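[1] Need a 3D model of the following:
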Amino acid sequence: EVQLVESGGGLVQAGGSLRLSCAASGFTFDDYAIGWFRQAPGKEREGVSCISSSDGSTYYADSVKGRFTISRDNAKNTVYLQMNSLKPEDTAVYYCAADLFSCLSRTYDYWGQGTQVTVSS
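    Modelled structure (predicted):
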């Protein structure tokens, strides 16, 4: 059974930090690009960051560049999203997703259930 399980969300004050984790199982993790997405109430889902499977290339939305860092530990089948200097506008449900082909895929193969991040002002 394929699973992507996010953890690490919570409530934090503006300027604070959180580290999200995405633990994967049920597929060959090393072969998949892993992306982080978020969806705020009343807004469309947006891509936040992604790390490729092949060379570890990383991608970031402009809104998080310089504040968020994505990394992966293939030995643990886990991807992390370190979020620093958090802003109230970062408040959303954060999802991780896996795609066999690339970070630039329009559709991802597998999705997690999400973890809530709330940033208070």
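[2] drop to CA atoms for contacts and neighbour counts, all remaining ones
    OK.
[3] Give me the neighbour count for G35.
    28 (other Cα atoms under 10 Å).
[4] quick one: strands adjacent to the strand or helix carrying it?
    According to DSSP states H and E, G35 maps onto strand 33-39. Using DSSP bridges, strand 33-39 pairs in its sheet with strand 46-51 (antiparallel), strand 92-99 (antiparallel).
[5] Can you tell me which of the ones you listed is nearest to V2?
    V2 sits nearest to strand 92-99 of all the strands paired with strand 33-39, at 10.3 Å, using Cα to Cα.
[6] buried sites along the strand holding G35?
    By neighbour count on 16 or more other Cα atoms under 10 Å, the buried set for strand 33-39 is 33-39.
[7] For stretch 111-121, list every residue counted as buried.
    For stretch 111-121, the neighbour count (16+ other Cα under 10 Å) marks 111-112, 114-120 as buried.
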